[in-house]
Structure formats: structure tokens, C-alpha cells
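Chemist: below are the sequence and a predicted model; questions follow.
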Amino acid sequence: MSENLIEVKDLRTYFFIDGGVVKAVDGVSFNVERGKTLGIVGESGCGKSITSLSIMQLLESPPGKIVGGEIIYNGENLLNKTKEEMRHIRGNKIAMIFQEPMTSLNPVFTVGQQIVEALLIHEEGITKEKAKERAIEMLKLVKIPLPEKRFNEYPHQLSGGMRQRVMIAMALSCNPELLICDEPTTALDVTIQAQILELINELKEKTGASVMMITHDLGVIAEIADDVMVMYAGKVVEQADTDSIFEKPLHPYTIGLMNCIPKLTEEVEELSVIKGMVPSYDDMPKGCAFCPRCDYAKKICEEEMPELIELEGRKVRCHMYSEKWKEEN
Amino acid sequence: MFSYILKRLGQTILVLIGISLVTFILLQVVPGDPVQLMLEKRADPQTIAAVRHELGLDLPLTTQYFNFLKNALHFDFGVSYFSKEPVTAVLLRCFKVTLKLTCLSFIFAVVVGITCGIIAAIKRGTAIDSALMTLAMFGVSAPSFWIAIILQIIFGIKLNILPISGFDTPVAFILPSIALGARYAGDIARITRTSMLDVVKQDYIRTARAKGVKENLIIMKHALKNAMIPIITLVGTELGCMLTGSMLIERVFSVPGIGKLAVDAMTSRDLPLLEGTVVYIAFVFVMVNLIVDISYALFDPRIRYGKGNSK
């Protein structure tokens, strides 16, 4: 078994809004192994982005607050670090790229200045000339044509795909050990999506960095991830390696997600959907959060929140796999 | 860029001609004859006619206006009816005074306004934010002459540390500058706060944090440069207002600037002086606007003027 780069244990991130509490991330645990890619999947609002922002400690606070858990990185709990210590880790050891390449780069600075800035912050004793050389190298690495010219251009002069490449160049410029990608391809055309994913894969091989890929697109997971974690309403509902998940999804929610993917080999009139909506925080069911939308739900699902059950080296949060359920049937 | 500036300067001339024409017509329409004011009621009709002829007021209106335009092209606005001084000389003298006052109040307004705005934005929702914004609101709503009088009472009379009038020593400018700059500082503080709050929510600020940029650099470099466009627009207009003189402040502190000159010229129907002052005010406004428009491009690369650069 390979070594874990990051271990998240029972992470709880809550939002305190208008007297209510939104449990955006509620007891999430997972590991990212060195050099591996972990995919986190789920619908909008299931807590995947908040999980990544919690690791980076970039939550808007208030209203967001990490109320419990541990994030162990290189044997140290990141939640015990000071703001200044975290600043040295961000962009240096753990880097992040975001969903919106169109708005994630500062419009009033050239892309070159923005990459150089990251290098000057984290690389001790680096000169401006050296940083510029490195930035151009990085632009070359992410396959931006004419990198010397692009270096002096502003974000508005680049296309969406090019901007995301710049974001990747910026994120990788300090050789981070972990790259968090928060839906990096969602805002891009399908052909550009494929290119960006290929690029991330390629750079991961080259630099040996681990990747945390957050997406709602199982296609992206199939393309890039070694392991998958499926989230629903702030909780992990299934964890497994990618092959097993695609071969045999266990949780009804994962099964639903798989069924939503149209298959070229079948002729269907209508695309299948998971009925209903993610429950809102003030209307959270007492038992399993997925129960109102689940085709297999029984009385026990309405009453009790299922535990995360270990099964054949995988984890699933569903009563269907519990001893109780088997006894009843 | 160069052709853009040239085009704007061309427009400036048109604007100035338009404004001088409107002023000229208005001065003909409003009641009050400068010659009668000048000679008071004792003068007989012959004298009045003679003076009118001497001043060229008996010529047809169109001729009068074209003479004015022709001379104005050589920066000659005639001589004041009363002091017999060339208008340009009077304007220049008053301009120097107003410029000094403007520079000081402008620096005061920009430094205090932007600083307070940034602090309020960073401390949003706290007592500091409320205190600063109340102060800004006070600056904006309190009449400047009232602030002027209060400042005179406190610093001039009670504490006796600053002069309450005149313009001979640099310290004499402190109170008028604060009185004049207070409302502009309030305006700038409010717009800076709003603009900064809008910018700090943007994705690129999150990117800067994710990159490990220091918090004060995020505010002063990444956020402020983006927040500058609305601030520059306001600051530019305010600079125009200050340069054209403040009638109230100059009056309260007896500072012989452009504002006081305009009021005096108006009450005495000193036509050449008034025409000169109005053209000066219009010119300052047009030029300040041009400078503001050009400076946008310095702060935001997405704004580039002229052909071929738009994207």
C-alpha cells in the first residue's frame, strides 16, 4: 500500500446562517495517496467544493467554519496551523485551480505577472529574471503556443481554455505535492475539456503530484481518477477504486448517477434522471438523506441514518448492505 | 491612443464655443446693464451712450460675439470693466490661489477618503465600519460653509492654533482645505468601500489567496487596482469642481480664488470677466474629464482607446 499524502478525518464544516446551521460537510473522511488521483463526485450543493476549500482554509468566515475533524498533511494537522503558516502552504505545497477560468485570473495584471508572483512568494531567493524564465517554461509545459508573447498578455486576450491552462501553469509553478481541481472543465467546451484533462493527467505523471479532482461528471472520473468518493448532502455515501465503482456501483445514489449516463449502445426515448432534489438544510430527513429519492427505501431508511459500512475493501453508506436488512429479508 | 486624444481635443473646442455662446446669450437676456451699474444713477444719457460705445456694447450682438471669439482665440478676453485689468491676468492670479487650495483639499480628500473606504470595507459589519461610514455620511451631508465655520470656531478661536482667514501663509490653507475636502472625502470613502466590497468577492481574489499572497497585498494590489475605475470617475469630477473654485469656502475664509471671482463678476455684471471665468471653468471640466478617461486605461487594460485595440 502506498503512502498517504493527505488524510482527512471526520471533517465537519458548518455554515451558520440566519440562526440555522447548514452542515455542508458532515463527518467526511478520506485519504489521498501520493501520486494518485482521488475523484470526488456529487450533485451541486453536496459539499465537494466546501471540502476542498476547507483543506485550503479558504472558506468565507463567517458564515463558514470548520467545527471539527483533522486534516493531516505530512504528519501535521493543517487545522492547527497559523494563518501565516497556511499561507506558506497554499500555492506552494497545495495548489488549487477553480471552475471559472474566465473570472479566476486578475484582469488588471498580465498572465506573466500572475505566475511570477506565485514564484516570488514561495521560492526563496529567486530573482525576477529567473522567475520570468520559470514562468515561460511553465507556459510551455501547459502547451500554450508562443509563451514569450503570451507572458505579456492580459487574461481578456486569451480564450477560456487558454486561461485554464494559465491557471494550471500558475498552480504547478511551485511544484505542489497536491493539486486540487474544483470542476476545472465544467465551464469549457467539450473538446477543450478533453485537452485539459489530458494535460492534468500528463503533468501529474511528470511532476508526481497527487490530484484531488472535484466534479459532477462521471465521465471526468472515468478519465482521470484512481479512486472515487461519492458525496451526498455533506456526507460520503460511497468510496471505492474507480474500476469497481464503474463495474458495480453499490449505493442507490451512485447507481442513479450511473444510469444518468446515456449509452451509445442502447436506444432510449428519454434520458433517465434521479427523481426529486437534494433536500435543503432545514428540511433534512431524520434518517438517510437520500431516502426520499431512493427506489429501494424502507421504513428503517426513514428513521435511521445508516453508518458507513466496509464491504469487500469498499465503503458504502446504505442500510441495504447492513446485517439488519439481510435479516429482514 | 494619440488620435483618440486629438479627437477629444477637437471636441473640446466645440464644447467651449458652445458654452461661450450660451453664456453670451444668457448675459444679454438677464436684466441689469453693466454700464448703468458702473456709472450708477447719476450719469446722463450722453455719458451712458459714450461709455457703451467705448466698451463696444452698441455693436450688433453677432459682431460683439464674433469679436469676443476672435480675441478669445488669442487668449484675450478683454479687460475688466471695473478694475481695467486684463481678464487673463485676473484669472491667472485667482487660479494660482484656487490651485493651491485645490491641491491641498484634493490630497486631503483622496488620502482620507480612500484610506477610510478601504478600512471600512475590510472591517465590514463591525463598529469601525459603522463609525467611518457615519463620519463619511456627515462629511457628505453637512454644508461646507457650516463645517468651515465650526472649524474656525474650534481651531481658530477656541484653540487659537490656526488662522481663520487669508491666504498668505501655508498654514492659512489648512482649515479651508479640510472644509472644502470634507464632503469629497466622504464621497470617496463611500464609493471606495462599495467598490472594494464588490471586488473582494471576485474569483480572482480567491485565486490570489489560493496562491498564498499576503492579505495586505491582496487588498492593496489585487483588489484596489480593480476597484479604481469608479473611484477615478468620482475623483476626476471632484477635481473639476475644486479647480473651478468654491464660492462658499472662498468667501468664508476670504480667499481670493476663482469662486469668489465668479460671484463678484456676476454681481457687478462685469461681462468680460464673467465670460472669461465661464470659459475657464468649462475648459477645466473638459480637460479633467479627458484626463480621467485616459487614466482608465492605466488601471484597466481592458479599456484601450482608438482603433484596432478593441477586443
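Modeler: Noted; the coordinates are in hand.
Chemist: quick one: the closest residue to chain B within the stretch 201-329 of chain A from A:Val228, how far?
Modeler: In the stretch 201-329 of chain A, the residue that lies nearest chain B is A:Met212 (13.3 Å; C-beta to the nearest C-beta). Using the backbone N, CA and C atoms, a C-beta is placed for each residue, glycine as well. Distance of A:Met212 to A:Val228, computed by C-beta to C-beta, to the nearest Å: 12 Å.
Chemist: ok, now A:Tyr14?
Modeler: For A:Tyr14 relative to A:Val228 (C-beta to C-beta), the value is 25 Å.
Chemist: wait, B:Ile122 touches B:Ile219, no?
Modeler: Yes: between B:Ile122 and B:Ile219 there is a contact under C-beta atoms under 8 Å: 6.5 Å.
Chemist: name the residues of chain A found near chain B, please.
Modeler: A:56, A:58, A:83, A:87-92, A:95-96, A:98, A:100, A:103-110, A:117-118, A:121-122, A:154, A:156-157, A:167, A:170 (C-beta under 8 Å from any C-beta of the partner chain).
Chemist: A:Ile6 falls within a strand, correct?
Modeler: Yes: checked against DSSP: H, G, I helix; E, B strand; the rest coil, A:Ile6 lies within a strand.
Chemist: who has more neighbours, A:Tyr14 and A:Val228?
Modeler: Legend: neighbour count by other C-beta atoms under 10 Å in any protein chain shown for A:Tyr14 and A:Val228, higher for A:Val228 (26 against 20).
Chemist: lowest average confidence across helices and strands of chain A, where is it?
Modeler: Counting by mean pLDDT, DSSP states H and E, the weakest-scoring helix or strand in chain A turns out to be helix A:323-328, with a mean of 76.
Chemist: tell me what that one is packed against?
Modeler: helix A:299-303 (3 or more C-beta pairs under 8 Å, 6 or more residues apart in numbering or on different chains; DSSP states H and E).
Chemist: please redo it, this time with the cut-off set to 7 Å
Modeler: Helices and strands touching helix A:323-328, as assessed by 3 or more C-beta pairs under 7 Å, 6 or more residues apart in numbering or on different chains; DSSP states H and E, are absent.
Chemist: okay, buried residues for it please.
Modeler: A:Trp325 (16 or more other C-beta atoms under 10 Å in any protein chain shown).
Chemist: which residues outside it are in contact with it?
Modeler: A:300, A:319 (C-beta atoms under 7 Å, 6 or more residues apart in numbering or on different chains).
Chemist: quick check, central residue of chain A?
Modeler: A:Ile214 (2.5 Å; C-alpha atoms, centre = their mean).
Chemist: tell me the bridge partners for that residue.
Modeler: A:Ile40, A:Asp182 (DSSP bridges).
Chemist: isn't it right next to A:Ser49, touching?
Modeler: Yes: assessed by C-beta atoms under 7 Å, A:Ile214 is found in contact with A:Ser49 at 6.2 Å.
Chemist: quick revisit: more neighbours: B:Ile122 and B:Ile219, which one.
Modeler: Taking neighbours as other C-beta under 10 Å, B:Ile122 and B:Ile219 compare with B:Ile219 leading, 21 against 18.
Chemist: residue 183: what's it in contact with?
Modeler: Just going to use chain A. A:99, A:214-215.
Chemist: try chain B instead
Modeler: Neighbours of B:Arg183 in contact, by C-beta under 7 Å, 6+ apart: B:139-140, B:144.
Chemist: now the longest helix belonging to chain A: average pLDDT?
Modeler: Secondary structure assigned by DSSP state H gives helix A:190-207 as the longest helix of chain A. The predicted model gives helix A:190-207 an average pLDDT of 86.
Chemist: show me what counts as buried in stretch A:41-59.
Modeler: Under 16+ other C-beta under 10 Å, the buried positions of stretch A:41-59 are A:41-42, A:45-59.
Chemist: can you pull out the helices in the chain?
Modeler: Went with chain A since none was named. With DSSP H as the criterion, chain A has helices spanning A:48-56, A:83-89, A:111-122, A:128-141, A:147-151, A:160-172, A:190-207, A:218-224, A:242-247, A:252-259, A:299-303, A:323-328.
Chemist: nope, chain B please
Modeler: With DSSP H as the criterion, chain B has helices spanning B:2-29, B:34-39, B:45-55, B:61-73, B:87-122, B:127-141, B:144-151, B:174-200, B:203-211, B:215-217, B:224-243, B:247-252, B:258-267, B:271-299.
Chemist: now render those as TSV, adding mean pLDDT.
Modeler: Shown next, in TSV, are the helices of chain B (pLDDT from 0 to 100):
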stretch	mean pLDDT
helix B:2-29	83
helix B:34-39	72
helix B:45-55	79
helix B:61-73	84
helix B:87-122	92
helix B:127-141	94
helix B:144-151	89
helix B:174-200	92
helix B:203-211	92
helix B:215-217	90
helix B:224-243	88
helix B:247-252	82
helix B:258-267	87
helix B:271-299	85
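Chemist: quick one: which of the ones you listed is nearest A:Glu33?
Modeler: helix B:203-211 (22.7 Å; C-beta to C-beta).
Chemist: tell me who's in contact with A:Thr207.
Modeler: A:172, A:175.
Chemist: what does chain B have sitting close to chain A?
Modeler: Contact residues, chain B versus chain A (C-beta under 7 Å from any C-beta of the partner chain): B:202-204, B:206-214, B:222, B:225-226, B:299-302, B:311.
Chemist: again, only using 8 Å
Modeler: B:202-204, B:206-215, B:222, B:225-226, B:299-302, B:311.
Chemist: mind checking which of those are buried?
Modeler: Using 16+ other C-beta under 10 Å, the buried ones in those are B:202-204, B:206-213, B:222, B:225-226, B:299-301.
Chemist: I figured A:Glu302 hits A:Cys294, correct?
Modeler: No: taking contacts as C-beta under 8 Å, A:Glu302 lies outside contact range of A:Cys294: 10.0 Å.
Chemist: of the two, who's got more company?
Modeler: The residue with more neighbours, out of A:Glu302 and A:Cys294, is A:Cys294; 22 against 13, by other C-beta under 10 Å.
Chemist: so the more buried one touches A:Gly287, yeah?
Modeler: No: between A:Cys294 and A:Gly287 there is no contact under C-beta under 8 Å: 10.4 Å.
Chemist: mind listing the shared neighbours of these two?
Modeler: A:Cys301 (C-beta atoms under 8 Å, 6 or more residues apart in numbering or on different chains).
Chemist: would you single out the least confident of the helices of chain A?
Modeler: Looking at those, the weakest mean confidence is helix A:323-328, a mean of 76.
Chemist: intersection of neighbour lists for A:Ile214 and A:Ser49?
Modeler: What both A:Ile214 and A:Ser49 touch, as defined by C-beta under 8 Å, 6+ apart, is the set A:182-183.
Chemist: buried set for stretch A:150-158?
Modeler: Buried, per 16+ other C-beta under 10 Å, within stretch A:150-158: A:150-151, A:153-155, A:158.
Chemist: how about the residue positioned nearest the centre of chain B, nearest residue that isn't a chain neighbour?
Modeler: Chain B has B:Cys241 as the residue nearest its centroid, 2.1 Å off, counting by C-alpha atoms, centre = their mean. The shortest distance from B:Cys241 to any non-neighbouring residue, by C-beta to C-beta, 6 or more residues apart in numbering or on different chains, is to B:Tyr184 (7.8 Å).
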